[in-house]
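In: Here is my input, please return the structure:
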Amino acid sequence: MATYELYAKQQLPISLDEAWEFFSSPKNLREITPDYMQFKIKGKLADKMYPGQIVEYTVKPVLGIPLYWMTEIKNVQHKEFFIDEQRYGPYSLWHHKHFFKEIPGGVEMIDHVHYRLPLGFLGTIAHGLFVKKQLQGIFDYRVKTLEQKWGKMPSQVVS
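Out: Model prediction:
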């Protein structure tokens, strides 16, 4: 059973406080998820995440078929990082680390995901056919959406 990784880095021209305010609220997940996924949070959520928090939602990633997904916020280090793990859902493993770092002119955000698919060799085939591409597309959508919301970091000129 293969374990896959997804790594994404983005820099935005906002403060660390502003980035943390937005990303530490699970209620904002819908805003950075592609519309075709039909992301819907189930139940009520606290305004800010905390270790042990359960977030339940449904998504429709393939052919409009609804999938139930439950994640747990495992660890939160204020304005530095948080980690979520799938408790129930489409993956046999989902471990997602979100890092935030203040940089000149803004903030750098890093997503690092380790994941496995169920179904043995069928999962491996699905990964090659569409899962990897779809996950990358979701993270590409986030980059685009966040740049539309806050703008891009100015290009650095090196002399």
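In: Show me the shaky parts of the chain.
Out: 155-159 (pLDDT under 70).
In: My guess is K152 contacts P13. True?
Out: Yes. The criterion here is C-beta atoms under 8 Å, and K152 meets it with P13 at 7.2 Å. All C-beta spots, glycine's among them, are computed from the backbone N, C-alpha and C.
In: in this protein, which spans are helices?
Out: 16-23, 121-126, 132-150 (DSSP state H).
In: how distant is the longest one from the center of its chain?
Out: If you compare the mean C-alpha spot of helix 132-150 with that of the full chain, they lie 10 Å apart, counting by C-alpha atoms, centre = their mean, to the nearest Å.
In: now for it, which elements pack on it?
Out: In terms of contacts (3 or more C-beta pairs under 8 Å, 6 or more residues apart in numbering; DSSP states H and E), helix 132-150 is packed against strand 4-12, strand 106-116.
In: Let me have those in JSON lines, adding distance to K132 and mean neighbour count as columns.
Out: Output for the helices and strands packed on helix 132-150, formatted as JSON lines (distance: least, C-beta to C-beta, whole Å; neighbours: other C-beta atoms under 10 Å):
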{"stretch": "strand 4-12", "distance to K132": "7", "mean neighbour count": "15"}
{"stretch": "strand 106-116", "distance to K132": "10", "mean neighbour count": "18"}
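In: would CSV of those with distance to G89 be doable?
Out: Compiled in CSV, the helices and strands packed on helix 132-150 are given as follows (distance: least, C-beta to C-beta, whole Å):
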stretch, distance to G89
strand 4-12, 15
strand 106-116, 10
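In: what does the longest strand along the chain contact?
Out: For the chain, the longest strand by residue count, based on DSSP state E, is strand 65-77. Contact with strand 65-77 is made by 24, 26, 38, 49-61, 81-90, 94, as judged by C-beta atoms under 8 Å, 6 or more residues apart in numbering.
In: give me the number of residues near A46?
Out: 12 (other C-beta atoms under 10 Å).
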